[in-house]
Structure formats: structure tokens, C-alpha cells
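Visitor: A predicted structure for the sequence below; I have some questions about it.
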Amino acid sequence: MIDPVAFTIGPLSVHWYGIIMGTAFFIGTYLARYHVRRIGYDPDHVLNMVVWIIPAAIVCARAYYVIFEWDYYKDHLADVIAVWKGGLAIHGGLIGGLVAGTLYARKHNLPFLLFGDAMIPSVILGQAIGRWGNFINQEAHGGEVSAEFMSYFPAFIRNQMYIDGQYYHPTFLYESLWNLLVFGILLAILYRFKKFDGQVLFSYMILYSLGRFFIEGMRTDSLMIGDTIRVAQLISLLLILLGMFLYVWGWRRGRRARHTAQP
């Protein structure tokens, strides 16, 4: 088992979860700056926007998780701020980041959909990296599996997915790999196949949510509504439908703009 504490400095413990999340933010910010520069805007907008987005994303991700796990946190209020133990819900983080990004774009008169296309590949890459924080914390895993099934995985994954005498589905890995695939598709759209502003953003909504819907069904720690409805699956389904609607809307809008521009 990997120690979740990477190192200590006096009384301060630095957790692998925080290091991994920080790395995801750093790499995502660097990539977003490159894409924003490529579309002709000042890349410093990314740094300024991140100052808004990161706190909003962390606070909303934690609040989202705590709300759906309130039966536990109402008796353990000190743990509400213990984000180093995990418990950052991606959908909550996306909501917070979207709101902060929208407010920044409006304040500085930036084209939201164009900026969204440039920045969303960084989001999915950050999600792919961030899932390894779940791996370190032995969370976000699936149900029990056999030792024979786990023999197909590298030893370090087998060892970390051996919890209380039983192997578990490494669903963190499935989602990380899916997110990397989506990252590649989004880059292909951005660089070669983009036809309208918002196409990359709306594709992210559809593709990420599609993978999350199926992987969530394998997990044992899903946030629930009642005993049968997994919150992440419900949100994923809504995002797929919304993304498809917006994709069609954007496609038609882009086609009208191209026809209008023709002499």
C-alpha cells in the first residue's frame, strides 16, 4: 500500500493527493495558455482566469460532495475542509469552474465559446491526471474482482487495489484512460475538424459524460439519491442530452455564419 503522505515538513504533512491535483492544474494551465495564444489572445488571461476558477472549482467540488454525504459530515464537521483525504466531486468542480470562467469572460468581454474550446482540453487532461489521486487514497474504485482478473494489471495497481483482503476494480484507471482518449479526440477537433465555436466544449460534455455514465455504474462509493439513483449517472445523462442539443445548435449557427460570409 502506498502511503498517502508524500513527505512531512515539521508538523505539516504533504499528501500525494494534493501533489497530483497541483500537477494537474499546472499542466492544464500551461496547455491552456498555449491554445489561447494560438487563437490570438493574451495568454495571461488564462492565468488571471485560473485565479478565479481554481478556488471556485475546489470549493464547489467539496461542497457538492459534502452535501450528498451530509449524513456523515453533520457529525464530523472538522472533516468538511479535509480535502486532502479526497472527496472532491468533479461535477461540482465543473459547475464552480464554469461559473467563475463565465464571470471572468463577461467582465473582460472575451468570446466565451471560443475560450471554452481552447481551455476544455486542459480540463479533461487534468481530470485524467487527477484520478491518480483517487488511486493513492484507495477511493473511487469499483466492486470486488478476482485475483485472476487483477493479474492482468501491473503489480503497483494490484497492490493498491488490494483493500482489506480483497481486490477491487481499478475504476480510477478506466476513467483516466477514457479521459486521455477524449483529450486526444478534443485536440483533433480543435486542430483539424473544428467547424464552429463551442464544438470542442460541447464534444467534451458528450464524450466525458458518456464514459463517466458507464464507469460510474461499476463504483461502490457513488453519491446517491435514495437507494437507486447514482447522482453522477444522472448528471452525466443530462450533460449528454444538453451537449447534443448545443452541438446541433452550434453546427447550425456555424453553417449560417459560413453561408452569410460567402460572397
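Guide: Yes, it's here.
Visitor: Let me see the ranges of the helices in the stretch 101-250 of the chain.
Guide: Using DSSP state H, counting those that start in this stretch, the helices of the stretch 101-250 of the chain run over 112-136, 147-150, 155-160, 171-188, 199-216, 231-261.
Visitor: where along the stretch 1-150 of the chain do the strands fall?
Guide: 5-9, 12-15, 144-145 (DSSP state E, counting those that start in this stretch).
Visitor: Run through who's touching the second one.
Guide: Residues outside strand 12-15 that contact it (CB atoms under 8 Å, 6 or more residues apart in numbering): Pro4, Val5, Ala6, Phe7, Thr8, Trp84, Ile136. All C-beta atoms are positioned from the backbone trio N, CA, C, and that covers glycine.
Visitor: Show me where the chain dips below the pLDDT cut-off.
Guide: For the chain, the stretches with pLDDT under 70 are 84-86, 258-263.
Visitor: contacting residues around the most centrally placed residue in it?
Guide: The chain has Gln127 as the residue nearest its centroid, 3.8 Å off, counting by CA atoms, centre = their mean. Neighbour list for Gln127: Ala24, Ile90, Glu175, Asn179, Tyr208 [criterion: CB under 8 Å, 6+ apart].
Visitor: Make JSON lines out of the helices of the stretch 101-250 of the chain and add distance to Gly28.
Guide: What follows is these, written out as JSON lines (distance: least, CB to CB, whole Å):
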{"stretch": "helix 112-136", "distance to Gly28": "4"}
{"stretch": "helix 147-150", "distance to Gly28": "31"}
{"stretch": "helix 155-160", "distance to Gly28": "24"}
{"stretch": "helix 171-188", "distance to Gly28": "10"}
{"stretch": "helix 199-216", "distance to Gly28": "13"}
{"stretch": "helix 231-261", "distance to Gly28": "20"}
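Visitor: Nearest to Asn48, out of these?
Guide: Between Asn48 and the helices of the stretch 101-250 of the chain, the shortest gap by CB to CB is with helix 112-136, which sits at 11.9 Å.
Visitor: Compute the inter-axis angle for that closest one and helix 171-188.
Guide: Put simply, helix 112-136 runs at 160 degrees to helix 171-188, going by axes from the mean of the first three to the mean of the last three CA atoms, to 10 degrees.
Visitor: quick one: helix 112-136 to chain centroid distance?
Guide: 5 Å (CA atoms, centre = their mean, to the nearest Å).
Visitor: and it with strand 5-9, angle?
Guide: 90 degrees.
Visitor: circling back to that earlier point, closest to Tyr104 out of the helices of the stretch 101-250 of the chain?
Guide: Short answer: helix 112-136, nearest of the helices of the stretch 101-250 of the chain by CB to CB, at 9.1 Å.
Visitor: What sits closest to Val66 if chain neighbours are left out?
Guide: The spatial neighbour of Val66 that comes closest, neighbours along the chain excluded (CB to CB, 6 or more residues apart in numbering), is Tyr73 at 5.1 Å.
Visitor: For the nearest residue to Leu234 once chain neighbours are set aside, the count of nearby residues, please.
Guide: In this structure, Leu234 finds its nearest non-sequential neighbour in Ile225, 7.2 Å apart by CB to CB, 6+ apart. Look at Ile225: counted by other CB atoms under 10 Å, it has 10 neighbours.
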